[in-house]
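Novice: Next comes the sequence, and after it the predicted model I'd like to discuss.
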Amino acid sequence: MSTTRESDNSLLQYLYSNYDKILKNKNLENNKLSVTEKMDGSQMKMSFIWNDKWNKPMLTGLYSRNGTQLFKKDTTNPKDLSNLTYNKADIGTYLSKNLNNFFELIKQFREVDQENVTFDIYTEVMLLRSPLNIPYNEDIKNKIYIFQINTTKDSYRINDKLSDKIIKLGLDPVPFVGYFDFNLDCINKLDEIMKINIIEGFIIEFIDIKFCFKLKAGKYDSSKCATKIDIDPLKDSYIKPIIQKLIDIYKFNNIQDKSNDQKSMDQIIMKEITHSDWSEKYNNMKHKIQKENMLTSLYNMILLKYSKDDYELLNSKKFKRYFYKTVESHLSN
């Protein structure tokens with residue numbers, strides 16, 4: 001069964017870091033791709049179990065991206081969910097309205113194989129404000145978008161057929177972009193879509209080998225790996241123009257100037273306090289020393305997680321001062 005966080009890997013970084021293996025095996029050349037939109041919200045897992053006695057599914061828990069329980073109760077009652085919030089987003093209204101639709105989705109997977117008894121639905125919760133300041137349309141705020149479903153026996157990411165099934169049940173899948181062959185034409189096409197539409201990017205699934213990667217517009221990607229890549233050793237390989245195009249996508253949208261340092265710092269801070277339940281825990285702390293310790297832990301975690309992408313900025317006194325000066329204001333946004 002595939003993991004859920006593999007799509008955190010950058011396609012550009014993967015291709016460059018593994019090009020020797022890729023060129024030797026040629027396992028990516030013209031591989032079939034399934035592409036969905038990468039939505040800028042906060043991940044939430046919905047866990048269900050099949051109740052043989054009642055012959056129906058039950059919701060057993062909701063979990064944030066880092067695994068913290070948001071809700072835990074064996075329930076089939078939509079009213080149990082009505083008052084839930086997640087990072088200030090009103091998910092209770094959506095869940096109470098659509099719980100039976102989720103049950104119908106589970107039933108369809110159960111009918112395919114009676115040995116499926118556990119079901120995890122991975123979703124993207126749209127927050128009141130995009131962590132990357134991408135302007136949301138009003139009609140997607142407070143919605144919950146499905147991007148992956150794990151059963152006891154298998155794992156399914158959104159494709160055209162699953163997307164249609166979910167929509168017919170009154171639920172919301174992440175937008176399905178289409179099927180492609182992995183080559184330069186494909187990357188050019190995805191680049192065109194990113195330029196026309198205001199989106200964070202895409203999740204690209206290599207169907208045959210079950211790998212998923214993210215491709216983000218450069219203006220929404222705090223990573224600076226594109227500025228450090230030397231493609232000369234790739235010579236005339238098929239992968240060279242693809243990597244060059246990915247570098248160009250990043251550089252086109254990510255002009256380096258003084259204001260971009262602040263933008264990068266803001267994006268990283270917002271991503272970490274909104275992509276988990278961190279802000280809720282922090283706001284519930286009653287003692288100053290507890291809050292100070294939480295801030296220190298968050299700062300150290302950011303250094304550990306992001307320093308590989310921008311070591312000089314994140315290990316500078318500038319970032320440290322900016323972090324402690326602005327994190328409180330980020331929490332109120």
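Specialist: Okay, I see it.
Novice: beta partners of residue 151?
Specialist: residue 119 (DSSP bridges).
Novice: Report the contact partners of it.
Specialist: Contacts for residue 151 were tallied using Cβ atoms under 8 Å, 6 or more residues apart in numbering; they are 109, 113, 116, 118-119. For glycine as for every other residue, the C-beta is placed from the backbone atoms N, C-alpha and C.
Novice: Mind giving me the packing neighbours of the helix or strand of the chain with the lowest mean pLDDT?
Specialist: None of the helices or strands of the chain scores lower by mean pLDDT, DSSP states H and E than helix 258-274, at a mean of 76. Identification of packing neighbours for helix 258-274 by 3 or more Cβ pairs under 8 Å, 6 or more residues apart in numbering; DSSP states H and E yields helix 278-284, helix 288-306, helix 311-314, helix 317-332.
Novice: The third one: which residues count as buried?
Specialist: Of the residues in helix 311-314, 313-314 count as buried by neighbour count, 16 or more other Cβ atoms under 10 Å.
Novice: Give me the lowest-pLDDT entry from the contacts of residue 151.
Specialist: Here the lowest pLDDT out of the contacts of residue 151 sits on residue 113, with 88.
Novice: Now do it against residue 274, distance only.
Specialist: 36 Å (Cβ to Cβ, to the nearest Å).
Novice: Who has more neighbours out of the two?
Specialist: Using other Cβ atoms under 10 Å as the criterion, residue 113 and residue 274 rank with residue 274 on top: 28 against 12.
Novice: wait, isn't that one in contact with residue 127?
Specialist: Yes - under the criterion of Cβ atoms under 8 Å, residue 274 makes contact with residue 127 at 6.0 Å.
Novice: intersection of neighbour lists for the two?
Specialist: Common neighbours of residue 274 and residue 127 (Cβ under 8 Å, 6+ apart) are 42, 87.
Novice: Now do the buried residues in stretch 121-136.
Specialist: 121-127, 129-132, 136.
Novice: Need the CA coordinates for it. CSV is fine.
Specialist: C-alpha atoms of stretch 121-136 as CSV (Å, rounded to 0.1, in the frame of the first residue of the first chain):
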residue,chain,number,x,y,z
ILE,A,121,-10.1,8.9,3.4
TYR,A,122,-7.3,11.6,3.0
THR,A,123,-8.6,15.1,2.4
GLU,A,124,-7.5,18.6,2.0
VAL,A,125,-9.4,21.1,4.2
MET,A,126,-9.7,24.5,2.7
LEU,A,127,-8.9,27.1,5.4
LEU,A,128,-10.2,30.6,5.8
ARG,A,129,-7.0,31.8,4.2
SER,A,130,-4.6,30.0,2.0
PRO,A,131,-1.2,29.4,3.8
LEU,A,132,0.5,30.6,0.6
ASN,A,133,-1.9,33.5,0.1
ILE,A,134,-3.3,32.0,-3.0
PRO,A,135,-6.7,33.7,-3.6
TYR,A,136,-9.5,31.2,-3.0
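Novice: roughly how far is that stretch from the heart of the chain?
Specialist: 9 Å (Cα atoms, centre = their mean, to the nearest Å).
Novice: Per-residue pLDDT of the residue lying farthest from the centre of the chain, please?
Specialist: Distance from the C-alpha centroid of the chain, by Cα atoms, centre = their mean, peaks at residue 53 (36.0 Å). At residue 53, the pLDDT value in this model is 89.
Novice: low-scoring stretches of the stretch 1-150 of the chain, by residue?
Specialist: The stretch 1-150 of the chain contains residues with pLDDT under 70 at 1-8.
Novice: ranges for the helices of it?
Specialist: 11-17, 19-25, 91-112 (DSSP state H, counting those that start in this stretch).
Novice: May I see the buried residues of the second one?
Specialist: Neighbour-count burial for helix 19-25, counted by 16+ other Cβ under 10 Å, picks out 19, 22-23.
Novice: Could you dump the residues you listed into a markdown table and include distance to residue 88?
Specialist: What follows is the buried residues of helix 19-25, written out as a markdown table (distance: Cβ to Cβ, whole Å):
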| residue | distance to residue 88 |
| --- | --- |
| 19 | 43 |
| 22 | 42 |
| 23 | 47 |
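Novice: between those, which is nearest residue 149?
Specialist: Taking Cβ to Cβ as the measure, residue 149 lies nearest residue 22 of the buried residues of helix 19-25, at 29.2 Å.
Novice: what's the nearest residue to the closest one if we skip its chain neighbours?
Specialist: residue 28 (5.5 Å; Cβ to Cβ, 6 or more residues apart in numbering).
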